[in-house]
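[1] Mind folding the following:
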Amino acid sequence: MKTPINSRTLRQHLTYSWWKYAILIVLGAILVNLYYTVTVYRSPADKVIELYVYGYGDQDALDSYMSGVRETDLPEMESMHTLVLTTDATYGAMQLTTYIAAGEGDLYMLPRDQFVSMAASGTWIALEEDEELMNIFTEAGVSLQSGWRRNSEEGTTHLYGIPLSALPGLEKYAYVENGFLSVLITGGNTENSLIFLRRLCRDMVQAE
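    Now for the predicted structure:
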């Protein structure tokens, strides 16, 4: 004989079996999240430019500036944005190293010590052969000497970073003490990152 379904039997069932429904709800939420994570569209690396700041920065102002550059110079980009990293001595350094090791981000603003140590291992793009970029500073009479560093793995010396002291206009957006601006060699969007770097340097080489 089947147990009749009424309020009493339903309450009794829920008293002893509520955990089964809780598990089903949790599993359902996990499956929905997994489906979204797997199927959500992600822009390819060559359609994204990311600027990582290991210092202090106005992320909204930088994003607004990058949005303007995207409209005028890089309309084919699907996303251009900034990430300001924490400067905590322990967690911040770990976060920076992790991002770089994973090839995340395209351009980095970072302090001298981190710039120098990573330049020695060939982390950054060599910039000296970019004639258009070099002409920006030659015409402005600005020296980039401090950005030249030796790659200890190859035994060669290159311009691996633009000293932020050469870009006074950038101070209203971000500040990194004794910092440098470099392009990550494994960023996945070198050509477009250099286009953005040229525009940024043209705009910031002279303080407004």
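[2] For the rest of this, base every contact and every neighbour count on C-alpha atoms.
    Fine.
[3] can you give me the strands for this structure?
    48-54, 56-57, 79-85, 107-111, 148-151, 156-159, 162-163, 174-175, 179-183 (DSSP state E).
[4] do you know which of the ones you listed lies nearest residue 129?
    In terms of CA to CA, the element of these nearest to residue 129 is strand 156-159, at 9.0 Å.
[5] Buried residues of the closest one, list them for me.
    Buried residues in strand 156-159, counting neighbours by 16 or more other CA atoms under 10 Å, are found at 158-159.
[6] what sits up against that strand?
    Contacts of strand 156-159 with the rest of the structure, by CA atoms under 8 Å, 6 or more residues apart in numbering, involve 126-128, 144, 147-151.
[7] One more pass at 6 Å, please.
    126-128, 147-151 (CA atoms under 6 Å, 6 or more residues apart in numbering).
[8] Check stretch 134-148 too.
    Against stretch 134-148 from outside (CA under 6 Å, 6+ apart): 158-163.
[9] Swap in 10 Å and give it another go.
    The contact list for stretch 134-148 (CA atoms under 10 Å, 6 or more residues apart in numbering) reads 112, 115-116, 119, 126-128, 132, 157-167, 179-182, 198-199, 201-203, 205-206.
[10] Nearest to the spatial middle of this structure, which residue is it?
    Residue closest to the average C-alpha location in the chain (CA atoms, centre = their mean): residue 105, at 3.5 Å.
[11] Phi and psi next, for that residue.
    When read as degrees, to the nearest 10, the backbone of residue 105 gives phi 80, psi 160.
[12] So it is in contact with residue 52, correct?
    Yes. Counting by CA atoms under 10 Å, residue 52 is a contact partner of residue 105 at 6.3 Å.
[13] and residue 202, how many residues sit next to it?
    Using other CA atoms under 10 Å, residue 202 has 17 neighbouring residues.
[14] Could you verify my assumption that it touches residue 168?
    No. If you go by CA under 10 Å, residue 202 and residue 168 don't touch, sitting 11.2 Å apart.
[15] which residues in the chain form helices?
    Along the chain, counting by DSSP state H, helices occupy 7-39, 59-72, 91-101, 112-120, 131-140, 190-204.
[16] Out of the ones you listed, the one nearest residue 48 is which?
    helix 190-204 (8.8 Å).
[17] elements contacting the closest one?
    For helix 190-204, the packing partners by 3 or more CA pairs under 10 Å, 6 or more residues apart in numbering; DSSP states H and E come out as strand 48-54, helix 59-72, strand 107-111, helix 131-140, strand 179-183.
[18] what about those, which gets the closest to residue 99?
    With CA to CA as the measure, strand 48-54 is the member of the helices and strands packed on helix 190-204 nearest residue 99 (9.4 Å).
[19] List the pairing partners of the closest one within its sheet, with orientation.
    Within its sheet, and counting by DSSP bridges, strand 48-54 is paired with strand 79-85 (parallel), strand 107-111 (parallel).
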